[in-house]
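Visitor: Here is my input, please return the structure:
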Amino acid sequence: MLGKLFKNTVPLAAAVLLSFAVFAHADAGIPMIFVTLPGMALAFIPVYLIEALVIANMLQVEIRRTFWPSFWANLATTLIGIPLAWLLQLGFEFLIIRNHMIDTTTIPQKIRAVVVYSAWLFPYDWWVFPVALLLNLVPAYFVSIILEKLIIKRFFKESSPYLIHTAVTKANLCTYGGLAGICVLNIVYASVVHYHLKP
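Guide: All right, here's what the predicted structure looks like:
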């Protein structure tokens, strides 16, 4: 089943790579997938271990039974879910801006712009990059729950779908909450550095 899942996602992976070639232009901004994907890869081991612990607790099974399922679920999230979430976010961005760019003159316009441009970032101010990192976690969180739930339930057919959904949701709340906390710390750090260096 897992082998078939990865086999069926080859076209998706190709689409992600092609999207880089289609939309990549000089001075066109920063594709945030180049930042979020390596970051998620670095966080892979602690994330999958934490989720294995949470899922074992929720399903009331031994921890050794959840290590392997959590590993596959988070591998699928890293290789498939994160690029898919970014593509959905990027599609939303292009749908909004289409033939015109969002003005960034006023504070409300800047806030709106960082939300819209969070997939393919236009760094018009010092604070947009760490905020965009935080915003990129939102679609990734929901895609992760959907994808990981499909995989986890293959390993625990004796557990109810509701219990698996609750376990996966709680596990991702823990891990994405931690990642969001790191992003918030980056925002605070960027703020301190900016105002410290500001003449």
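
Visitor: next one: phi and psi at the residue lying closest to Pro31 once chain neighbours are set aside?
Guide: Closest residue to Pro31 apart from its sequence neighbours, by C-beta to C-beta, 6 or more residues apart in numbering: Trp120 at 5.5 Å. (Glycine included, C-beta is placed from N, CA and C.) Backbone torsions of Trp120, given as degrees, to the nearest 10, read phi -130, psi 90.

Visitor: Just to check, Trp120 is in contact with Ile30?
Guide: Yes: Trp120 lies in contact with Ile30 (C-beta atoms under 8 Å); the separation is 7.1 Å.

Visitor: Between those two, tell me which one has more neighbours.
Guide: When Trp120 and Ile30 are compared for neighbours, Trp120 comes out ahead with 22 against 16, by other C-beta atoms under 10 Å.

Visitor: count of neighbours near Val116?
Guide: 20.

Visitor: Could I get the contacting residues of it?
Guide: 92-93, 96-97, 102 (C-beta atoms under 8 Å, 6 or more residues apart in numbering).

Visitor: Dump these to CSV, plus distance to Tyr162.
Guide: What follows is these, written out as CSV (distance: C-beta to C-beta, whole Å):
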residue, distance to Tyr162
Phe92, 30
Glu93, 34
Ile96, 36
Ile97, 40
Ile102, 41
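
Visitor: Now intersect the residues you listed with the helices, please.
Guide: 92-93, 96-97 (DSSP state H).

Visitor: can you redo the residues you listed as a markdown table with pLDDT, distance to Phe34 and neighbour count?
Guide: Putting these into a markdown table (pLDDT from 0 to 100; distance: C-beta to C-beta, whole Å; neighbours: other C-beta atoms under 10 Å) gives the following:
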| residue | pLDDT | distance to Phe34 | neighbour count |
| --- | --- | --- | --- |
| Phe92 | 85 | 18 | 15 |
| Glu93 | 83 | 15 | 18 |
| Ile96 | 75 | 21 | 13 |
| Ile97 | 70 | 20 | 15 |
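
Visitor: Dump these into a markdown table; add distance to Ile146 as well.
Guide: Putting those into a markdown table (distance: C-beta to C-beta, whole Å) gives the following:
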| residue | distance to Ile146 |
| --- | --- |
| Phe92 | 17 |
| Glu93 | 21 |
| Ile96 | 23 |
| Ile97 | 27 |
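
Visitor: The residue most central in space within the chain: which element?
Guide: When C-alpha atoms, centre = their mean is applied to the chain, the residue found nearest the centroid is Ala140 (3.2 Å). Applying DSSP states H and E as the criterion places Ala140 in helix 128-155.
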